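Enquirer: Any chance you could fold what I've pasted below:
(2 chains)
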Amino acid sequence: MNDDAFLRIADLSVGYGATRVLERLDLAIGKGEFVALLGASGCGKTTLLRAMAGFVAPSTGTVAVDGRDVTLMPPDRRGMALVFQSYALWPHMTVARNIGYGLKLKGLSRAAIDRRVAEIETLLGLEGLGARKPAALSGGQRQRVALGRALAVDPQILLLDEPLSNLDARIRLKVRHEIGALQRRLGITAVIVTHDREEAMAMADRVVIMEAGRIAQQGSPEEVYSRPASSFVAAFMGAENVLALEGQVAGGAVHIAAGRQSSSATLTLDGRLLSSGRLEARFRAEAVEMVAADAQASRAEGLTIAGRVEAASYLGGGWRHSVRVGDQTLFADAARPFDSGAGVELRIPGDKLFLFNLPTSSSAPDATALEAAAELSPAAPRGPVERVLQAS
Amino acid sequence: MMAQIDVTSASQDRPAMGVDLWWIPRGLVLGLLAFVIFGPLANLLLWTVAERWYFPHALPIDYGFSYWGRVFAPRGNATEALANSLTVAGLTVVVSLALAIPAGYALARLRLPFRAVILIAFLIPQAFPNLTVYVNVARLFYQLGLNGTIPGVVLVHVTHGLVYAVWIATAAFSAVDAELEEAARSIGAGALRAFLDVTLPLAAPGLLASAIFVFLESLDEFTGSYFVGAPDVNMLPLLLYTAGAGGNYQVASITALLLLVPSIGFMLVVERFLKSDVLSKVGR
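Expert: You can find the predicted model right below:
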């Protein structure tokens, strides 16, 4: 963590009554950086954002902006602007008055306010809507007014609380890129809260994945996607397939013992922090190379699992199969569909197989906890499962 | 009203017959309803313009406005009573809202302990028989020198009207999303500024409704006005009572009409402003 952080959260704990929402959390955000707080609902990401904004009082810890402690400052003195999930536009004011309100508070002249409001309206494509009330706008327009209202005051830090979750899918993709481009153009420091990992990766320079009031992992989108630091992060980043394996670590490599369905394999450690014992393997459906069971053995380094196709469903661009492996079901993608009932081999390349040590003592309850975490993560898990079930 | 709506909707469901005989009972019921509602009102209106009207005659013998002149004579009781009633009602509204706005805001926004108990506490003045309460209030006010004064009557009306004021104000503030206020805070508005610019304008229709309720309650209030106000502070309901008891139906009817007009006018306003999102939060 760099010392010249612009926004610094140190040792921050927040609790409502007896429940702890944030647990001694540290986070440093550089000037001009776009950080996404990503997590399942209830992980404390919105509470963290509200604590930054000054709407939640922490029980311990500090929030500092540019070296200045703002922990005890009211929200209006922090130089931050928050865009709410509900947009929170004032229904009794026109679009122009909504956007210009912060400027009026600063005591700007009428002409200066009008000029700045026109500027913001042009920037966000809201020309000609200035006289309308929020009720007469579409969802996308309201979202842009909310953004414009926050940007108009030229905040040091822009905070966005799930700003896209109320938009429909197509507009969401468009606005996602617009906000990203705008942030880079204005060079503003921004923090976005989201539960959508694609949204976080597409918009932010750094993704902070939160789990139960703590930071599970942070890094560039590519880093957290391809090198998840824990089973939770792997599951949250879409590696829903989970296998229990036995592994021996020796000489910079991990040797995986053959299981009932899986082959033995030797993988280079490649920076993985593992010790010998029970392992949990996670991988994405799209990382799998799926071949018929009678195909020639693979020469590449990786793990091979034998299974039987249960069902296939077309996702657009490829087929997703649910494959029965022992007493569990894994998901695997292939360019062409396999018949249900067909014997297949799933080959997972070593660099796409995420391995984690299972805690030795209480392994069983932990495994269910991980499954529960996987249930919570959005988009990927639910959809395909249901579609496959319908197909079968 | 309900009966009317039910009847019309029922007629739409029924397939049209050659001659719909249903109009007979329907007409009878509606006619009866109209008579029950408008009969006394028509009688009241007739009495306000009757010069002479006694037993065997179904309608007044002479019509005229001489009683109006008498009621509104510069030295007449009614002018004074009307002025007193309006002053007291106006002051009651001001005092009630001055208490209800902060109280309603606190009850709506802050996580107060015993919130329900506090809300119920405002009901207490209504919960006991009025007479016993006001006789004791009168005894107390005598000692304080408040009996027979306008402030005394206003105080009594405030305790009476506060339950409407606080309950409706609480509902009005609850109906304003707290995030709207936070949005103002986050772009630089202080707590008071955000309240004045965002919360208050958005709660205004509900607050107006509560003001009207309090005004009407004060205008109609009899028992408290009688024990605390009379005979020094003469009010419209007291005038109505004395005129009615003295057999002066003309003066009583004119007074009643004076009390009725603002009630109907304000009810129409309240009906327009008190939206369902506020109503659904009353007493919560």
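
Enquirer: After the lengthiest strand in chain A, which helix or strand is next? Please name it.
Expert: For chain A, the strand reaching the highest residue count under DSSP state E is reported as strand A:302-314. Sequence order places strand A:319-325 as the next helix or strand after strand A:302-314, per DSSP states H and E.

Enquirer: any residue of stretch A:83-97 up close to chain B?
Expert: Yes: under the criterion of C-beta under 8 Å from any C-beta of the partner chain, chain B is reached by stretch A:83-97 at A:84, A:86, A:88-92. Just so you know, the C-beta spots here come from the backbone N, C-alpha and C atoms, and that holds for glycine as well.

Enquirer: From the chain's centroid, how far away is the longest strand of chain A?
Expert: In terms of C-alpha atoms, centre = their mean, to the nearest Å, the centre of strand A:302-314 is found 27 Å from the chain centre.

Enquirer: What of stretch B:86-100?
Expert: Centroid separation for stretch B:86-100 versus its chain: 13 Å, with C-alpha atoms, centre = their mean.

Enquirer: And for stretch A:208-219?
Expert: So, by C-alpha atoms, centre = their mean, the centroid of stretch A:208-219 is 10 Å from its chain's centroid.

Enquirer: Pull out the buried positions in that stretch.
Expert: Within stretch A:208-219, the residues scored as buried using 16 or more other C-beta atoms under 10 Å in any protein chain shown are A:208-213, A:215-219.

Enquirer: Which residue ranges make up the domains of chain A?
Expert: If you go by automatic domain parsing, the domain ranges for chain A are A:7-226, A:231-391.

Enquirer: Double-check that residue A:90 belongs to a helix.
Expert: No: under DSSP: H, G, I helix; E, B strand; the rest coil, residue A:90 sits outside any helix and is assigned coil.

Enquirer: Backbone dihedrals for it, please?
Expert: Main-chain dihedrals, residue A:90, degrees, to the nearest 10: phi -80, psi 110.

Enquirer: What of residue A:154?
Expert: Backbone torsions for residue A:154, taken as degrees, to the nearest 10, come to phi 50, psi 60.

Enquirer: Could you tell me the angle between the longest strand of chain A and strand A:319-325?
Expert: Relative orientation of strand A:302-314 and strand A:319-325, computed by axes from the mean of the first three to the mean of the last three C-alpha atoms, to 10 degrees: 120 degrees.

Enquirer: returning to that earlier point: among the domains of chain A, show the one with the smallest mean pLDDT.
Expert: Across the domains of chain A, domain A:231-391 has the smallest mean pLDDT, namely a mean of 78.

Enquirer: So which residues on the stretch 151-284 of chain B come close to chain A?
Expert: B:177, B:179-180, B:182-191, B:193-194, B:197-198, B:201-202.

Enquirer: hmm, 6 Å instead?
Expert: Contacts of the stretch 151-284 of chain B with chain A, taken as C-beta under 6 Å from any C-beta of the partner chain, map to B:179-180, B:182-183, B:185-190, B:198, B:201-202.

Enquirer: Which among those count as buried?
Expert: The neighbour count (16+ other C-beta under 10 Å) marks B:179-180, B:182-183, B:185-189, B:198, B:202 as buried among these.

Enquirer: Now do the residue nearest to residue B:249 when sequence neighbours are not counted against residue B:74, distance only.
Expert: Nearest non-adjacent residue to residue B:249, counting by C-beta to C-beta, 6 or more residues apart in numbering or on different chains: residue B:47, 4.9 Å away. As defined by C-beta to C-beta, to the nearest Å, residue B:47 lies at a distance of 24 Å from residue B:74.

Enquirer: And residue A:71, by the same measure?
Expert: Computed with C-beta to C-beta, the distance linking residue A:71 and residue B:74 is 69 Å.

Enquirer: Which parts of chain A are helices?
Expert: Using DSSP state H, the helices of chain A run over A:45-53, A:95-105, A:110-123, A:139-152, A:169-186, A:197-203, A:221-226, A:231-236, A:363-376, A:382-391.

Enquirer: burial measure for residue A:169, as a count.
Expert: For residue A:169, the neighbour count with other C-beta atoms under 10 Å in any protein chain shown is 7.

Enquirer: for the stretch 151-284 of chain B, what are the low-confidence residue spans?
Expert: B:275-279, B:281, B:283-284 (pLDDT under 70).

Enquirer: any idea where the helices of it begin and end?
Expert: For the stretch 151-284 of chain B, applying DSSP state H, counting those that start in this stretch gives helices covering B:178-186, B:191-194, B:200-220, B:223-224, B:236-245, B:249-273, B:276-279.

Enquirer: of these, which approaches residue B:123 most closely?
Expert: helix B:200-220 (13.7 Å; C-beta to C-beta).

Enquirer: Using PDB, list the CA coordinates for that closest one.
Expert: Extracted C-alpha coordinates of helix B:200-220, given in PDB (Å, rounded to 0.1, in the frame of the first residue of the first chain):
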ATOM      1  CA  LEU B 200     -39.800  20.300   4.400                       C
ATOM      2  CA  PRO B 201     -41.100  21.100   0.800                       C
ATOM      3  CA  LEU B 202     -41.700  17.400   0.200                       C
ATOM      4  CA  ALA B 203     -43.600  17.000   3.600                       C
ATOM      5  CA  ALA B 204     -45.500  20.200   3.100                       C
ATOM      6  CA  PRO B 205     -48.700  18.700   1.700                       C
ATOM      7  CA  GLY B 206     -49.000  16.400   4.700                       C
ATOM      8  CA  LEU B 207     -48.200  19.200   7.100                       C
ATOM      9  CA  LEU B 208     -50.800  21.400   5.400                       C
ATOM     10  CA  ALA B 209     -53.300  18.600   5.900                       C
ATOM     11  CA  SER B 210     -52.400  18.300   9.600                       C
ATOM     12  CA  ALA B 211     -52.700  22.100  10.000                       C
ATOM     13  CA  ILE B 212     -56.200  21.900   8.500                       C
ATOM     14  CA  PHE B 213     -57.300  19.000  10.800                       C
ATOM     15  CA  VAL B 214     -56.100  21.000  13.800                       C
ATOM     16  CA  PHE B 215     -57.800  24.200  12.600                       C
ATOM     17  CA  LEU B 216     -61.100  22.300  12.100                       C
ATOM     18  CA  GLU B 217     -60.800  20.500  15.400                       C
ATOM     19  CA  SER B 218     -60.200  23.800  17.200                       C
ATOM     20  CA  LEU B 219     -63.100  25.500  15.400                       C
ATOM     21  CA  ASP B 220     -65.500  22.700  16.400                       C
END
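
Enquirer: Can you list the helices and strands that that helix packs against?
Expert: helix B:77-109, helix B:150-174, helix B:249-273 (3 or more C-beta pairs under 6 Å, 6 or more residues apart in numbering or on different chains; DSSP states H and E).

Enquirer: Could you single out the most deeply buried of these?
Expert: Mean neighbour count, computed with mean count of other C-beta atoms under 10 Å in any protein chain shown, is highest for helix B:150-174 among those, reaching a mean of 25.
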